[in-house]
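K.L.:
Fold the following, please.
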Amino acid sequence: MTTSSSERGVSLGMPRLPAPAYPDDVRARLETDAREIIARYPDSRSALLPLLHLVQAEEGHVTRTGMQFCADTLALTTAEVTAVATFYSMYRRRPSGDYQVGVCTNTLCAVMGGDVIFEELQEHLGVGNGETTDDGKVTLEHIECNAACDFAPVVMVNWEFFDNQDPQSAKRLVDDLRAGRPVSPTRGAPLCTFKETARILAGFPDERDGAVDATGSAGPASLAGLKLAKGEAAPARVVHPRGEAPRDTPPHDPSPGEHLSSHDAPQDTSASDPAHPAGPAAEEGE
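P.N.:
A predicted model of the protein is given here:
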């Protein structure tokens with residue numbers, strides 16, 4: 001018994017139909033915004049990246065209609081626009097959730113627990129990498145380094161930082177997002193939806209009350225090298241040999257610069273805390 005090419009899922013190379021146009025009112029609004037964006041650049045094609053964010057803010061991902069709009073507006077080919085839209089991971093190519101939850105699984109975050117967090121979130125949410133929960137609230141993905149290694153393992157929600165995570169704090173975070181409960185990042189502006197984030201990245205002001213004033217400064221871990229360079233050496237921290245009981249250390253009160261979030265894992269249980277060593281390493285072959 002033979003099967004047809006369509007049954008086997010083989011494309012016959014038929015050309016795709018042109019992308020559907022935006023409704024007239026949507027296109028008029030986008031054209032107004034696009035003119036404002038393009039006016040910021042001496043060469044109009046330099047506006048492609050923010051224009052892709054603009055159309056992403058419209059539908060939550062970059063559609064064929066959005067890419068056609070960018071091409072028409074900037075006198076580019078759709079191939080040129082597609083090449084850019086598919087190169088950068090910040091542009092979504094399919095429908096996704098209100099909250100993009102990214103777990104860093106690059107080397108440092110991975111060894112500090114990022115891989116475990118990602119695996120447990122997949123099981124907890126019932127989704128795989130790049131998939132969205134049935135309620136349309138959360139899209140889960142593993143992400144590349146976001147330059148927050150000082151606070152590993154890190155989870156990002158719509159590009160806002162949630163530092164020093166563990167599986168329990170990460171699961172509490174996604175549960176709160178799905179339930180609509182208030183969620184505050186460790187650093188940066190208050191959380192907003194992915195569409196709202198995309199419009200801000202397109203270059204339009206964040207008009208929410210207090211959002212601009214809420215940006216946080218670097219935490220103590222990030223500033224350690226600068227303080228040493230200035231001669232402001234901090235007290236030495238002793239890392240105890242594995243298997244040796246740690247000595248008593250004074251409690252740590254977070255400074256105003258740390259901006260801890262209620263969704264951060266407790267600091268005294270972080271896998272990176274020298275007061276909680278991993279235990280003796282097994283001999284090879286055991």
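K.L.:
residues making contact with stretch 51-59?
P.N.:
22, 26, 30, 33-34, 37-38, 62-63, 65-67, 69-70, 73-74, 81, 84-85, 91-92, 95, 195-196, 198-199, 201-203 (C-beta atoms under 8 Å, 6 or more residues apart in numbering). Where C-beta positions appear, they are placed from N, C-alpha and C, glycine not excepted.
K.L.:
could you redo the last one with a cut-off of 6 Å?
P.N.:
By C-beta atoms under 6 Å, 6 or more residues apart in numbering, the residues outside stretch 51-59 that reach it are 33-34, 62, 66, 69-70, 85, 91, 195, 198-199, 201-202.
K.L.:
the longest helix in the protein is where?
P.N.:
helix 24-38 (DSSP state H).
K.L.:
And the helices in this structure, which stretches?
P.N.:
Applying DSSP H to the chain gives helices spanning 24-38, 48-59, 64-74, 78-85, 107-109, 115-125, 167-179, 194-201, 220-229.
K.L.:
Let me know which of the ones you listed is tucked in deepest.
P.N.:
helix 48-59 (a mean of 22; mean count of other C-beta atoms under 10 Å).
K.L.:
Any buried residues in stretch 134-147, and which?
P.N.:
Lys137, Val138, Thr139, Leu140, Glu141, His142, Ile143 (16 or more other C-beta atoms under 10 Å).
K.L.:
And the last one, how close does it get to Gln100?
P.N.:
In this structure, Ile143 and Gln100 are 9 Å apart, going by C-beta to C-beta, to the nearest Å.
K.L.:
again, but for the fourth one
P.N.:
Computed with C-beta to C-beta, the distance linking Leu140 and Gln100 is 8 Å.
K.L.:
coming back round to it: closest to Lys230 among the contacts of stretch 51-59?
P.N.:
Nearest to Lys230 among those is Leu201, at 34.4 Å by C-beta to C-beta.
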